[in-house]
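Novice: Task: produce atomic coordinates for the following.
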Amino acid sequence: MFIKNLWSSKYKKDPEKPDYQGYSSSEKAYTPVSQLAIGMYVVELDRPWLETPFLFQGFEIKTEAQIKSVKNFCNYVYIDKTKTRTLKRVIPGSQTQTQSKILNNIDAAGSPPKKRGTFEHEILQADNIYTQTEQLVANFMITAAKGTGIDGWLAKKAVTDCVNSVLNSPDAMLWLTQLKNKDKYTLQHSLNVCILAIVFGRYLNVSNENLVNLGLCGMLHDIGKMRIPLRILNKRVKLENEELEILKTHTTLGYELLKSSDCMDSCVAETALTHHECLDGSGYPRGLKQGSISDFAKIISIVDAYDSMTSDKVYQKGKTHLEAIHTMMTMAGYHWDKKLVIKFIECLGVYPPGSPVVMTNGTLGIVVEVNDKMKLRPKVILLMDEEKQPVPEQIIDLSEMVCDDKGNAFTIKNIINAVDWNIDVSKYYRDGLIQKSFARNLN
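Specialist: Just a heads-up that it's a prediction; the model follows:
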């Protein structure tokens, strides 16, 4: 009831269409165009047939060209399950085009698309999307703990909103991933991996369709942990070998749960199974090597590790951004794909949005928005002066070479750990830090 009320106003069902609590009647199934495959029999479109070039009101998809044509006109269709030919089952770790290769050439990825908006205009919308999606993920975790499949339609709708927000302003969503609460680590980690994966995919020029799939892979990569005993999942000291082996089964448990979920792309289940595989074959559960690990799993593995390293947990303080990327570089090449790790670091930059920083003159601030052409000189909100006394919130654009009271240009000295300096980024945000800062800049 909670989720139904939460989403009903945003994703209201059309009363003229079948009830899609299960996404289909006994014969007809709602199908996003991203999931179309050869052998499916299309019986209904999301628009009148006369608005499309299709001659027959009902046809079997026989070629990739037909799939492309449907995608050009529709966002979703309905297929007749009784007329759809049985398709070849995807074997975990198999090298299908959609699952294994979303990146043709990392070196030739080119520049990411231009931001469609600004941090200032996107942050409130991004906050709303983040909050709603966090609540949805919490509900998924409760469902998964009971062994019930995930509502793939709701998950896809939520991730699509995240993708659109990232395309408007990746900085806004990245800022929100820094508002961490160690008591909500498992919940926030899943959502943060989703967002980081989308941001990274955008940087790699991944198609919008695969950005959604990447986000779903990130959101649900650890869903199998909900089937692990809490005494193991919440243990604050090092796990015994037997307990560690039980924890490792979360990959298989997640795969089994997701492959039985409605409206769920097969790459999501495969990534849940393989996101702990390593290039050198030392990972689990199958000891796959580089050529057998999908691009989805390679990307999720990197962003999963990064968010875990930079998060405070009840038993451990998180690393700073710079400490985390240093650790990742030492493991690149045998644990993770080195080219992807380098691209991920380029994507976030030296000073990612939401990072607490100390300036060369001793003042403290938080990075707001990255300047794409001058990544070492982002926009920063100043919080404290040289004596570590609070100052009125003010945004300064370091690319404009703004000077302090002594005539020296503001420059970032280093990223700091917020805990060490008693800085609560979440509290600053809740108290209206962003709104006050932008309002002050207008005066």
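Novice: Contact partners for the nearest residue to residue 165 once chain neighbours are set aside?
Specialist: When the adjacent residues along the chain are set aside, residue 165 lies closest to residue 126, with 4.7 Å between them (C-beta to C-beta, 6 or more residues apart in numbering). Placement of C-beta: from N, CA and C, glycine included. With contacts taken as C-beta atoms under 8 Å, 6 or more residues apart in numbering, residue 126 has the following neighbours: 165, 168, 169, 172, 173, 175, 176.
Novice: so which helix or strand takes in residue 126?
Specialist: When secondary structure is defined using DSSP states H and E, the element that contains residue 126 is helix 119-145.
Novice: Buried ones in that helix, by neighbour count?
Specialist: Of the residues in helix 119-145, those scored as buried under the neighbour-count criterion (16 or more other C-beta atoms under 10 Å) are 119-120, 122-123, 125-127, 129-130, 132-138, 140-141, 143-144.
Novice: could you point out where the stretch 201-350 of the chain is predicted with low confidence?
Specialist: Scanning the stretch 201-350 of the chain for pLDDT under 70 picks out no residues.
Novice: re the thing from before, pLDDT at the residue nearest to residue 165, what is it?
Specialist: As predicted, residue 126 sits at a pLDDT of 95.
Novice: Make 201 the first number, not 1, from now on.
Specialist: I'll keep to 201 as the first residue from here, and by that count the last item is residue 326.
Novice: Can you give me the separation between it and residue 604?
Specialist: In this view, residue 326 and residue 604 are 31 Å apart by C-beta to C-beta, to the nearest Å.
Novice: before we move on, what about residue 281?
Specialist: Distance check for residue 281 against residue 604: by C-beta to C-beta, it reads 67 Å.
Novice: ok so, going back, could you single out the nearest of the contacts of residue 326 to residue 482?
Specialist: The shortest gap between residue 482 and any of those belongs to residue 373, at 32.6 Å (C-beta to C-beta).
Novice: tell me the contacts of that closest one?
Specialist: 326, 330, 362, 365, 366, 395, 398, 399.
Novice: Likewise for residue 359?
Specialist: When the contact criterion is C-beta under 8 Å, 6+ apart, the partners of residue 359 are 333, 394, 398, 412, 415, 416, 419.
Novice: Quick one: residues contacting residue 544.
Specialist: Residues near residue 544 by C-beta under 8 Å, 6+ apart: 400, 502, 503, 506, 528.
Novice: Go again with 6 Å.
Specialist: Taking C-beta atoms under 6 Å, 6 or more residues apart in numbering as the criterion, residue 544 is in contact with 400, 502.
Novice: and what of the one 10 residues further on?
Specialist: Contacts of residue 554 were listed using C-beta under 6 Å, 6+ apart, and they are 375, 378.
Novice: where's it, which helix or strand?
Specialist: Secondary structure assignment for residue 554, by DSSP H and E: no helix or strand.
Novice: for the chain, which strand is longest?
Specialist: When secondary structure is assigned using DSSP state E, the longest strand within the chain turns out to be strand 590-597.
Novice: count of neighbours near residue 549?
Specialist: Burial measure for residue 549: 18 neighbouring residues, criterion other C-beta atoms under 10 Å.
Novice: re earlier: output the contacts of residue 326 in CSV; the columns should cover secondary structure and pLDDT.
Specialist: As requested, the contacts of residue 326 are exported to CSV (DSSP: H, G, I helix; E, B strand; the rest coil; pLDDT from 0 to 100):
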residue, secondary structure, pLDDT
365, helix, 96
368, helix, 95
369, coil, 95
372, helix, 95
373, helix, 96
375, helix, 94
376, helix, 95
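Novice: Residue 486: which of the residues you listed is nearest?
Specialist: Distance ranking of the contacts of residue 326 against residue 486, using C-beta to C-beta, places residue 373 first at 32.7 Å.
Novice: Run through the strands of the chain in chain order.
Specialist: According to DSSP E, the chain carries its strands in the segments 228-232, 241-245, 259-260, 276-280, 556-559, 564-569, 579-584, 590-597, 612-615.
Novice: Touching the longest one from outside, list them.
Specialist: The reference is to strand 590-597. Around strand 590-597, the neighbours that count as contacts under C-beta under 6 Å, 6+ apart are 579-582, 584-585, 602, 610, 633, 636-637, 640-641.
Novice: List buried residues within the residues you listed.
Specialist: 579, 580, 581, 582, 584, 610, 633, 636, 637.
Novice: For those, work out which two are farthest apart.
Specialist: In the buried ones among the contacts of strand 590-597, the most distant members under the criterion C-beta to C-beta are 610 and 636, with 19.2 Å between them.
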